[in-house]
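[1] Starting from these lines, generate the structure:
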Amino acid sequence: MAASFDPALPLYLGLMSGTSADGIDAALAQFPVDGGCRFVEGLTLPWDPLLRERLVSLGQGGELASLDELGDVDARIGLAFAAAAVALLQHSGVDAAQVRAIGSHGQTVRHRPSASPAFTLQLGDANRIAEHTGITTVADFRRRDVAAGGQGAPLMPAFHLAMLGTADEDRAVLNLGGIANLTLIPREGTLLGFDTGPANALLDAWCERHTGRTYDADGAFAASGVVDAGLLARWRDDPWFALPPPKSTGREQFHLAWVQQQIGDGQHVAADVQATLLELTAVTVADALLRTLPGARRVLVCGGGVRNGHLMQRLAARLPGVVVESSVRHGLDPDYLEALGFAWLAQRTLDGLAGNLPSVTGAAGPRILGAIHPG
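    Down below sits the predicted model:
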């Protein structure tokens, strides 16, 4: 059955694959003139296992053997994103001609906002997306912000503010993807947004290494272990956590070698390490929130981590008096929130509107983000 949508409003399609590289999220949406987001349909396509292995390796600092390999990976990612868009259109019964634009984040393989010169690199040839779908595609959103002196990430706070802001309370939006990031929305004052540290990227990687499963369903593996207070303290002492915002990070900072450095050669029960990694996510999110928006009374959670019941419990325990709940309670599907955000950013770009928030990224000013590839 065809998806239901308002024929008087343009459709946008967002494509997102995060740090965990666990799949490509594709979402169709409409954005009414008076505000809000009308979610039409969503679909997640898994990565080809061999390509995913290359992406994870690159994200953790792995090297490409040649420019030929770079071109090959970029093309393959673009084709995978195009396939996800086509699959969503077929699944929803929406014709490509009805979609005004696709917003594609691409796959981050390197993010160096503190380098000199700073740079960020998202692969996934958008020309191939436009060619295979026939839809105008907006991509490469981060690099204009970096060129303007910003971190290039996170980019979702502008979308969070537009869709989830309120004058009733101080609140935060927490994305638990491969990396955890917060958007802080005070009733008065300046919005902030920044990465807080590792989330699913390390949890998934450790779980896969020791169980063969690509993720820890509901946090059961972590719940079976005991938090190692000494190990938690050593990880928590990493200087990155003390950096003030704006800040962003990725697998190049938080990867299994980083985990192993503090474990050393000693004997550790795998489930205990998983429990400690989960607690690290909870405590670094709580530390960041209490330090920067201590009056927050609600945290709206999205991303894959929202389905990790044990992690949600530990977050609530670390934030007494704060409501910790899924973004679905406020009308936005947590599984597709970032894909919806990039659909929204595509609309902003085509309409000539800025997509970044300088208070979040540290850029010199508002900028129109992304490159437009006509359909």
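[2] buried sites along the helix or strand of the chain with the lowest mean pLDDT?
    When the helices and strands of the chain are scored by mean pLDDT, DSSP states H and E, helix 49-59 comes last with a mean of 89. For helix 49-59, the neighbour count (16 or more other CB atoms under 10 Å) marks 51-52, 54-56, 58-59 as buried. For the C-beta atoms, the positions are set from N, CA and C on the backbone; glycine is no exception.
[3] which element follows the biggest helix by length in the chain toward the C-terminus?
    As assigned by DSSP state H, the longest helix anywhere in the chain is helix 67-92. Counting by DSSP states H and E, the next helix or strand C-terminal to helix 67-92 is strand 99-104.
[4] so how far is the helix or strand just after that following strand off the chain centroid?
    Per DSSP H and E, the first helix or strand lying C-terminal to strand 99-104 is strand 107-112. Relative to the centre of its chain, strand 107-112 is centred 12 Å away, using CA atoms, centre = their mean, to the nearest Å.
[5] How about stretch 355-373?
    17 Å.
[6] looking only at pLDDT, what's the mean for that stretch?
    Averaged across stretch 355-373, the pLDDT comes to 97.
[7] before we move on, what about stretch 22-38?
    Stretch 22-38 comes out at a mean pLDDT of 95.
[8] Would you mind listing the buried residues in that stretch?
    Neighbour-count burial for stretch 22-38, with 16+ other CB under 10 Å as criterion, is recorded at 22-31, 37-38.
[9] do the same with stretch 139-157
    Going by neighbour count (16+ other CB under 10 Å), the buried part of stretch 139-157 is 139-148, 150-157.
[10] how far out from the middle of the chain is it?
    For stretch 139-157, the distance to the chain centre is 13 Å (CA atoms, centre = their mean).
[11] Dump it to CSV, restricted to CA.
    Once non-C-alpha atoms are left out, stretch 139-157 reads as follows in CSV (Å, rounded to 0.1, in the frame of the first residue of the first chain):
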residue,chain,number,x,y,z
ALA,A,139,25.4,16.1,0.1
ASP,A,140,28.8,17.0,1.8
PHE,A,141,27.1,19.1,4.5
ARG,A,142,30.0,19.3,7.0
ARG,A,143,32.8,20.8,5.1
ARG,A,144,31.4,24.3,4.6
ASP,A,145,31.1,24.6,8.4
VAL,A,146,34.7,23.4,8.8
ALA,A,147,35.9,25.9,6.2
ALA,A,148,34.2,28.6,8.3
GLY,A,149,36.2,27.6,11.3
GLY,A,150,33.6,25.2,12.8
GLN,A,151,33.7,21.6,13.9
GLY,A,152,31.4,20.5,11.1
ALA,A,153,29.4,18.6,13.7
PRO,A,154,27.1,18.0,15.2
LEU,A,155,24.6,19.3,12.6
MET,A,156,21.4,18.0,14.1
PRO,A,157,20.9,20.6,16.8
